[in-house]
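Q: compute the structure for the input listed below.
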Amino acid sequence: MGRRPQPHIKEKLLDACADHALAHGLPDRLEPLAGATGTSARMLIYHFGTRDALLRAVLGRARQRQLDTFGDLLRVRPDEPYPVTLNRAWTAITGPDGQPYLRMFGRLRESAEQRLWPDFRRAATTDWLGPLEDGLRSIGRPELATLVLAVIRGLLMDLDATGDTARTDRAFHDFLDTLEHLPDGPGPGA
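A: Here you go, the predicted model:
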């Protein structure tokens, strides 16, 4: 008689695999994940079915952590103007705690691993529009969510390509200054 699936073990393995992948990148082989979990590649396959299913689950777990963390950073705070919230979020997203997510998902956008999550590029964009609209609604400008997201994503790509933190931070602060001084209400054609 075979063993019955044990969801709590699978969850522990998935968390350990996600921790490893965020620290070291998504591996090509199962052995690094097996080593990180203290089990064997065979046991990982037992719990997840296939290598690709495991890697998809790891990406999904890491993405959920990113959404929870960054979503909380973008949340409106009643005692704080939203540009200040955006500034704090930028600092955290580009700092040591945000870097593992940026590395992992930046590579996913550009690599063959995109086959593991074919719709990732779309989700990586639309996931952030809601929280940004909510935040920008607090200053009467929810229609600027796409613009703010485009600036953030563009500066993150710049930072990834150049490593020039001082310049990209300055550009983001300049953008926030511009955002704070925009006229009220939607522009022409809104």
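Q: output the below-cut-off pLDDT ranges for the chain.
A: Counting by pLDDT under 70, the chain has low-confidence residues at 1-5, 108-114, 185-190.
Q: check contacts around the nearest residue to residue 88 once chain neighbours are set aside.
A: Distances taken as Cβ to Cβ, 6 or more residues apart in numbering place residue 73 nearest to residue 88, at 6.8 Å, with adjacent residues excluded. The C-beta positions use only the backbone N, C-alpha and C, and glycine is treated the same way. When contacts are counted by Cβ atoms under 8 Å, 6 or more residues apart in numbering, residue 73 touches 85, 88, 89, 92, 93.
Q: which of those residues tops the neighbour count?
A: The member of those surrounded by the most neighbours (other Cβ atoms under 10 Å) is residue 89, with 23 neighbours in all.
Q: quick one: that one and residue 76 touch, right?
A: No: using Cβ atoms under 8 Å, residue 89 is not in contact with residue 76; the gap is 11.4 Å.
Q: please list all residues in contact with the residue most central in space within the chain.
A: Centroid check for the chain by Cα atoms, centre = their mean gives residue 66 as the closest residue, at 4.3 Å. Residue 66 makes contact with 101, 105 under the criterion Cβ under 8 Å, 6+ apart.
Q: coming back round to it: in CSV: the contacts of residue 73, plus secondary structure.
A: As requested, the contacts of residue 73 are exported to CSV (DSSP: H, G, I helix; E, B strand; the rest coil):
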residue, secondary structure
85, helix
88, helix
89, helix
92, helix
93, helix
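Q: in which helix or strand would I find the closest residue to residue 74 other than its chain neighbours?
A: Counting by Cβ to Cβ, 6+ apart, residue 131 is the residue found nearest to residue 74 once chain neighbours are left out, at 4.3 Å. For residue 131, the enclosing helix or strand under DSSP states H and E is helix 120-137.
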